[in-house]
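Colleague: Quick one: sequence plus predicted model below, questions after.
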Amino acid sequence: MAQDTGSGVYLGFDFSTQQIKVIAVNEDSKVLHEAAVKFDTDLPEFKTQGGAHIHDDKVTVTAPTLMWVKALDLLLDQVKTSGFDFSKVLAISGAGQQHGSVYWKTGAQNTLRQLDPVKPLHQQLQDSFSVADSPIWMDASTTTQCQQLETAVGGPMRLAEITGARGFERYTGNQIMKISQTQPDAYSKTERISLVSSFAATLFCGDYAPIDYSDGSGMNLLDIVNKSWSQECLKACGENLAEKLGEPVPSTLLWYVGKISKYFVDRYGFSPACQVVAFTGDNPASLAGLAPREGDAIVSLGTSDTVFLWLNEQKAGLEGHIFVNPIDPMDYMALVCFKNGSLTRERIQKECASGSWNTFSSCLTSTPMGNNGNIGIYFDTTEIQPLAMGTSRFNSNGEKVESFSPEVEVRAVLESQFLARRMYAELRGMSVGPQTRVLATGGASSNKAILQVLSDVFNAPVYVTDVPNSAALGGCYRAKHGVTGMNFSEVVKGHPEPVCVATPTKGSAEIYQRLSERYKALEQQM
Ligand code: 5FX
């Protein structure tokens, strides 16, 4: 383990769906240590699959809260055994899977304040939760509650204007409403409700840590303009909810939520001066971990594709999500997620390019921008926006056709995916153009031919940035940002600079402007 002794160290944790991960960096952003505990394999007694329990109705998805506590015990023991010197850590922060909620039973605060360093956390906190199974972001069981909340505030658009999103099943306010309706006894015995992020910070502080604005934006409860709980939303979701949530706080910017608790000082050797900076959601933390500049658009090309935007101003809408920005609380970040990403590209690669990415790339270079007017839409699974499934192909006259040649099919899948990413990003406030840096990450970002199409469709230069574990790394950067108050660009000074790999081909702007109008009309028909 490379630990440099001279300079300060920052720790970033990621309480994600399948594991807890920790990264340590020094003042130059050099990674000194990494470790992880995987729920399914390291804690088999909880019998999770992918870190979750999918209930018989298939739409209720939970995770045992105590499993996360036990995983932290294991992780810190493992790091200590490796010889890591916790006394060098100046500050910690981290991330949690967004939207998940933790219900602390009346009396839990007292337990948290008196933890015995001789015993692991899970032994001491086993009776501290009024709801043993935390609903997580994969849960889709709250459609009724979403409708009730939207109706209570005056419709889905009004909810989006207040909270940054229409009613989404996984959003925490709707989950809390369901618990208050279906488990009223457990709800009334709850003294505090945390998000996964503020729950993790709570463990480190040995006292309730507040919810930060950025992750708080994933609840359908926070007024993202005024940065306070929306009274109308609180009222619709549960009694005395303001009290149970505590006041929300800025995500960072010289804001720390407390000192590390004595428990960690005595058990692991942390310095009593070590600060805990507010934890946030995994997506906001990933934005920070990619060390973006204001105005960047991040396109993550993975199993599902996600577009993150750093916005100075936000535009309410029914698609996608707006969060308060985790780096500058006066700004916003948008997130739009598409289910049909790499798996669809891989299917077409198998069917049309004999399973070879080289052949796939050759198909792209042998077909012109705009694909001679052919457009295909490929939703192998039900897409999020639009809510549609199936494949449709149209020729240059806008007529439906049964099939395309393999080369045309390869270009068609990429062009339509990137046109959709661009269209929904523009709807959420992105203004694309040569001034926008598009930062590509994720599996498909290693294919230059794919990135050239991305650059042409967005009419913007594309940079690659290979940052594994960006959420945990974002925790390190946010910890440093939170306690030093440096400019974020200074905080991330040692971060590897993104490399420009594609610039728009001459003529692409006009071609894709036209195609984007056609794509929009065809998508509406689906
Ligand atoms: C975002 O809205 C999501 O629901 C997911 O990306 C979770 O944050 C995954 F942890």
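Modeller: It's in. Numbering: from 1, shown residues only.
Colleague: Next to the ligand, which bits of the protein? Give me the list.
Modeller: The chain has residues 16-17, 97-99, 137, 170, 218, 281-283, 321 near the ligand, with proximity defined as Cβ under 6 Å from any ligand atom. In this view, the C-beta of every residue, glycine as well, is placed from N, C-alpha and C.
Colleague: nearest to residue 346, of the residues you listed?
Modeller: Set against residue 346, the nearest of the residues of the chain next to the ligand by Cβ to Cβ is residue 17 (21.9 Å).
Colleague: Tell me who's in contact with the closest one.
Modeller: 50-52, 63, 97, 136-138 (Cβ atoms under 8 Å, 6 or more residues apart in numbering).
Colleague: now that we have these, which one has the most neighbours?
Modeller: Ranked by neighbour count under the definition other Cβ atoms under 10 Å, the contacts of residue 17 are headed by residue 97 with 27 neighbours.
Colleague: wait, that one sits on residue 139?
Modeller: No - here residue 97 does not reach residue 139: they are 11.4 Å apart, not a contact under Cβ atoms under 8 Å.
Colleague: Next, count neighbours for the residue nearest to residue 461 when sequence neighbours are not counted.
Modeller: Among residues not flanking residue 461 along the chain, residue 503 sits closest, at 4.9 Å (Cβ to Cβ, 6 or more residues apart in numbering). Here the number of neighbours of residue 503 (other Cβ under 10 Å) works out to 15.
Colleague: Tell me the spacing between residue 503 and residue 435.
Modeller: 13 Å (Cβ to Cβ, to the nearest Å).
Colleague: Output the contacting helices and strands for the worst-scoring helix or strand of the chain on mean pLDDT.
Modeller: In the chain, no helix or strand scores lower on mean pLDDT, DSSP states H and E than strand 256-259, which sits at a mean of 80. Here strand 256-259 touches helix 196-205, strand 275-277, going by 3 or more Cβ pairs under 8 Å, 6 or more residues apart in numbering; DSSP states H and E.
Colleague: Report the next helix or strand after that strand in sequence order.
Modeller: Per DSSP states H and E, the first helix or strand lying C-terminal to strand 256-259 is helix 262-268.
Colleague: Quick check: buried residues in that following helix?
Modeller: 263-265, 267-268 (16 or more other Cβ atoms under 10 Å).
Colleague: Over to stretch 347-358?
Modeller: By 16+ other Cβ under 10 Å, the buried positions in stretch 347-358 come out as 348-349, 352-353, 357.
Colleague: one step back: residues in contact with the residue nearest to residue 461?
Modeller: Shown in contact with residue 503 (Cβ under 8 Å, 6+ apart): 455, 461-462.
Colleague: what do you get for residue 286?
Modeller: Residue 286 makes contact with 95, 308, 470-471, 474, according to Cβ under 8 Å, 6+ apart.
Colleague: same check, this time on residue 128
Modeller: Contacts of residue 128 (Cβ under 8 Å, 6+ apart): 104-105, 107-108, 111-112.
Colleague: What about those, which one has the most neighbours?
Modeller: residue 104 (25 neighbours).
Colleague: For whichever strand or helix holds that residue, which outside residues touch it?
Modeller: Under the criterion of DSSP H and E, residue 104 resides in strand 101-105. For strand 101-105, contacts defined as Cβ under 8 Å, 6+ apart pick out 65, 127-131, 134-135, 172, 175-176, 179, 186-187, 189-196, 199, 202, 208.
Colleague: count of residues packed around residue 464?
Modeller: With neighbours defined by other Cβ under 10 Å, the count for residue 464 comes to 18.
Colleague: Likewise for residue 312?
Modeller: 12.
Colleague: And residue 192, how far from the ligand?
Modeller: Using Cβ to the nearest ligand atom, to the nearest Å, one gets 21 Å for the distance from residue 192 to the ligand.
Colleague: list the contacts for that residue?
Modeller: Contacts of residue 192 by Cβ under 8 Å, 6+ apart are 104, 108-109, 208, 244-246.
Colleague: Bridging across strands, which residues link to it?
Modeller: residue 104 (DSSP bridges).
Colleague: so what's the residue nearest to residue 352 when sequence neighbours are not counted up against?
Modeller: Excluding the flanking residues, the one nearest residue 352 by Cβ to Cβ, 6+ apart is residue 406, at 3.7 Å. By Cβ under 8 Å, 6+ apart, the contact list for residue 406 reads 351-353, 363.
Colleague: per-residue confidence at residue 406?
Modeller: You'll see residue 406 listed with a pLDDT of 98.
Colleague: phi, psi of it?
Modeller: With angles defined as degrees, to the nearest 10, residue 406 sits at phi -50, psi -40.
Colleague: now, the most widely separated pair of the contacts of residue 406?
Modeller: 351 and 363 (11.6 Å).
Colleague: what's the most distant pair in the contacts of residue 286?
Modeller: 95 and 308 (13.7 Å).
Colleague: So those two - more neighbours on which side?
Modeller: Between residue 95 and residue 308, residue 95 has the larger neighbour count (other Cβ under 10 Å), namely 33 against 25.
Colleague: how long is stretch 92-112 end to end?
Modeller: This stretch, stretch 92-112, spans 18 Å end to end (Cα to Cα, to the nearest Å).
Colleague: what's the spacing between that stretch and its chain's center?
Modeller: 18 Å (Cα atoms, centre = their mean, to the nearest Å).
Colleague: Let me know the secondary structure of residue 391.
Modeller: With DSSP: H, G, I helix; E, B strand; the rest coil as the basis, residue 391 sits in strand.
Colleague: was I right about it contacting residue 375?
Modeller: No - counting by Cβ under 8 Å, residue 391 sits too far from residue 375 to count as a contact (11.6 Å).
Colleague: These two - which one has more neighbours?
Modeller: Neighbour count, other Cβ under 10 Å: between residue 391 and residue 375, residue 375 has more, with 22 against 15.
Colleague: Can you tell me, leaving aside adjacent residues, what's nearest to that one?
Modeller: Distances taken as Cβ to Cβ, 6+ apart place residue 394 nearest to residue 375, at 5.0 Å, with adjacent residues excluded.
Colleague: Does that neighbour touch residue 522 like I think?
Modeller: Yes - between residue 394 and residue 522 there is a contact under Cβ under 8 Å: 5.9 Å.
Colleague: per-residue confidence for residue 261?
Modeller: pLDDT, read off for residue 261, is 97.
Colleague: can you tell me which residues contact it?
Modeller: So residue 261 contacts 112, 115, 204-207 (Cβ under 8 Å, 6+ apart).
Colleague: neighbour-wise, which of those leads?
Modeller: Neighbour max across the contacts of residue 261 (other Cβ under 10 Å) = residue 204, 26 neighbours.
Colleague: Against residue 339, how distant is the residue lying farthest from the centre of the chain?
Modeller: Largest separation from the mean C-alpha position in the chain: residue 397, at 40.0 Å (Cα atoms, centre = their mean). Residue 397 sits 30 Å away from residue 339, taking Cβ to Cβ as the criterion.
Colleague: Buried residues in stretch 498-512, which are they?
Modeller: Neighbour count says stretch 498-512 has 498, 501-502, 504, 508-509, 511-512 buried, by 16+ other Cβ under 10 Å.
Colleague: does the residue lying closest to residue 257 once chain neighbours are set aside sit in a helix, a strand or a coil?
Modeller: Leaving aside its sequence neighbours, residue 257 sits nearest to residue 209 (Cβ to Cβ, 6+ apart; 4.6 Å). With three-state DSSP as the basis, the three-state label of residue 209 is coil.
Colleague: Pull the contacting residues for residue 209.
Modeller: Residues near residue 209 by Cβ under 8 Å, 6+ apart: 194, 198, 201-202, 257-258, 276, 278-279.
Colleague: what do you get if the cut-off is 10 Å, keeping everything else the same?
Modeller: Contacts here follow Cβ atoms under 10 Å, 6 or more residues apart in numbering; on that basis residue 209 touches 192, 194-195, 197-203, 246, 249, 256-258, 276-279.
Colleague: and if you look at residue 73?
Modeller: Counting by Cβ under 10 Å, 6+ apart, residue 73 has contacts 37, 119-123, 125, 203, 267.
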